[in-house]
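Q: Model the structure of this input:
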Amino acid sequence: MRRKVTKAIFPVAGLGTRFLPATKSIPKEIMTLVDRPLIQYAIDEARAAGIKEFIFVTSRGKGALEDYFDINPTLEASLRRSGKDDLLEILKNTNMESGAIAYIRQHKALGLGHAVWCARRLIANEPFAVILPDDVIAAETPVLQQMVEAYEDTGGAMVAAMEVPKDKASAYGVLDVAEDMGALVRVKGMVEKPKPGEAPSNLAVIGRYILTPKVLQNISKVRTGAGGEIQLTDAIAEEIVEGRDVFGYRFRGQRFDCGSKAGFLQATVAFALARDDLRDEFIDYIEELLALRKAAQ
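A: Residues are numbered from 1 along each chain as shown. Got it, this is the predicted structure:
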């Protein structure tokens, strides 16, 4: 019987320099998309997929991220006295049970592969997920849940995949496809940030992974790759070399790159328009802006 995926690694050690000066004092993962921080979207997605143990790979200056998941008795007591039960219920979703969450320090910024490798002792001999909070995906069924359901049939390693314009492929890890089965593709190779015009396809790896413990052993052996970093895609590609299955999964949903300012703004608009309590007022505002812009032309 295939072991269930119950552990997830969240690499959150990055400095978030593209969002300075905001990230001078707060971790990027705490920045809010409408009224929830990026990390909350990632946690909610993991919970929906059946994840029970949450492993954060952090760095110096991430104290606010750790505090976010702690209980705040003073705030809860104040809300209770005020009869704000709806807000109390929202807070419950931000609290993590004792022992469910662990923090590992990545002392040097050596890449995504190295960040995942830092959590190896907590993974032991189990399959695990990796979620990059920068990639926020709006989906009717959360993407990691989609992948876990597919993994129950396939086993092996699996990466979320999305078709991107060919001229953008050099910004991603790209799949070399052996067999296209629709939602699933069997992978025969992976290239991290290929040179323009050299990508084997336009199917790019997006920040969701289901991996085997063997990938952690591969990371110990791989050399530095693109950008002088230890690349996770190189360790996954080693699985193919050694004859084990690697799949790409075309997820159903809309992905936003919240590691960029433009992507963050696009996600803010999309998520605001999806909210019943915000949609009408927000649409009115956008229409007013467009009318003013048109009148000024």
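Q: Which parts of the protein are strands?
A: Assigned by DSSP state E, the strands in the chain fall at 7-11, 32-33, 36-37, 53-58, 101-105, 128-131, 135-138, 157-163, 173-180, 184-192, 203-211, 246-250, 254-257.
Q: Which one of the ones you listed lies nearest to residue 83?
A: Between residue 83 and the strands of the chain, the shortest gap by C-beta to C-beta is with strand 36-37, which sits at 22.9 Å. The C-beta positions use only the backbone N, C-alpha and C, and glycine is treated the same way.
Q: which residue packs closest to residue 30, ignoring adjacent ones?
A: Once flanking residues are discounted, residue 30 sits nearest to residue 37: 4.6 Å by C-beta to C-beta, 6 or more residues apart in numbering.
Q: Around that neighbour, how many other residues sit close by?
A: 21 (other C-beta atoms under 10 Å).
Q: what's the answer for residue 130, then?
A: 24.
Q: what do you get for the one 3 residues further on?
A: Around residue 133 sit 25 other residues, with neighbours defined as other C-beta under 10 Å.
Q: surely it meets residue 9?
A: No: contact criterion C-beta atoms under 8 Å: residue 133 and residue 9 do not qualify, at 11.4 Å.
Q: about what we covered before: what would the strands of the chain look like in a markdown table with distance to residue 72 and mean pLDDT?
A: Below are these laid out as a markdown table (distance: least, C-beta to C-beta, whole Å; pLDDT from 0 to 100):
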| stretch | distance to residue 72 | mean pLDDT |
| --- | --- | --- |
| strand 7-11 | 21 | 96 |
| strand 32-33 | 17 | 92 |
| strand 36-37 | 15 | 92 |
| strand 53-58 | 19 | 93 |
| strand 101-105 | 15 | 89 |
| strand 128-131 | 24 | 97 |
| strand 135-138 | 25 | 96 |
| strand 157-163 | 33 | 94 |
| strand 173-180 | 39 | 90 |
| strand 184-192 | 41 | 91 |
| strand 203-211 | 29 | 94 |
| strand 246-250 | 37 | 95 |
| strand 254-257 | 29 | 95 |
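Q: Dump the ones you listed into JSON lines; add distance to residue 295 as well.
A: JSON lines is the format used below for the strands of the chain (distance: least, C-beta to C-beta, whole Å):
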{"stretch": "strand 7-11", "distance to residue 295": "46"}
{"stretch": "strand 32-33", "distance to residue 295": "31"}
{"stretch": "strand 36-37", "distance to residue 295": "35"}
{"stretch": "strand 53-58", "distance to residue 295": "49"}
{"stretch": "strand 101-105", "distance to residue 295": "52"}
{"stretch": "strand 128-131", "distance to residue 295": "45"}
{"stretch": "strand 135-138", "distance to residue 295": "32"}
{"stretch": "strand 157-163", "distance to residue 295": "38"}
{"stretch": "strand 173-180", "distance to residue 295": "45"}
{"stretch": "strand 184-192", "distance to residue 295": "48"}
{"stretch": "strand 203-211", "distance to residue 295": "40"}
{"stretch": "strand 246-250", "distance to residue 295": "43"}
{"stretch": "strand 254-257", "distance to residue 295": "31"}
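Q: Ok, which of those comes nearest residue 85?
A: strand 36-37 (18.9 Å).
Q: The closest one pairs with which strands, and in what direction?
A: In the sheet, strand 36-37 lines up against strand 32-33 (antiparallel) (DSSP bridges).
Q: List the contacts of the residue lying closest to residue 283 once chain neighbours are set aside.
A: Nearest non-adjacent residue to residue 283, counting by C-beta to C-beta, 6+ apart: residue 273, 7.1 Å away. Residues counted as contacts of residue 273 (C-beta atoms under 8 Å, 6 or more residues apart in numbering) are 279, 282-283.
Q: Surely residue 136 is in contact with residue 44?
A: No: with contact defined as C-beta under 8 Å, residue 136 and residue 44 do not form a contacting pair (10.8 Å).
Q: report the longest helix in the protein, please.
A: Ranked by residue count and defined by DSSP state H, the top helix of the chain is helix 279-296.
Q: Okay, buried residues for it please.
A: residue 282 (16 or more other C-beta atoms under 10 Å).
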